[in-house]
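Participant: I need the structure of the sequence given here:
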Amino acid sequence: MNSFGEILRFERERKGLSQEELGQLINAVKSTISQYELGKRKPDIDTLQQFADIFNCHVDYLLGRTDKKSFQPSTKELEEILRTSNVQFDGAPLDDTDKEEVLDFLRYIWPKLKNKKQ
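Facilitator: Numbering: from 1, shown residues only. Down below sits the predicted model:
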């Protein structure tokens, strides 16, 4: 897998940003971006999260831990995540009935969204 610096440079160039422009987005100078790309410096967690937001990807992708830019669970995986996690809405946990209603809504809306994108 590629290093953080290689991935950062690839994503920066893919997005058409100069080192200076990327630096401005995270409130850093051009030389800091250069040092990240050369592997001479590593970003802190907050900066890493900013990069993930800028490039619309997961931190694990930036770190070279996966080749997948984003987590795209299958319908089955999504259902399992929802059923087994402590999902909350407005600070209140969803019970099993609530979770099934959310899944029913997702099953209803997903084909409509998918057709809209095509």
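Participant: if you go through this protein in chain order, where are the helices?
Facilitator: In the chain, the segments counted as helices under DSSP state H are 4-14, 19-26, 30-38, 45-54, 59-62, 75-84, 96-117.
Participant: where does the fourth one sit relative to the chain's centre, distance-wise?
Facilitator: This means helix 45-54. 9 Å (Cα atoms, centre = their mean, to the nearest Å).
Participant: Name the residues that touch the worst-scoring helix or strand of the chain on mean pLDDT?
Facilitator: Among the helices and strands of the chain, helix 75-84 carries the lowest confidence by mean pLDDT, DSSP states H and E, at a mean of 79. The contact list for helix 75-84, computed with Cβ atoms under 8 Å, 6 or more residues apart in numbering, reads 73, 96, 99, 102-103, 106-107, 110. The C-beta positions use only the backbone N, C-alpha and C, and glycine is treated the same way.
Participant: Go again with 10 Å.
Facilitator: The contact list for helix 75-84 (Cβ atoms under 10 Å, 6 or more residues apart in numbering) reads 71-74, 87, 94, 96, 98-100, 102-103, 106-107, 110.
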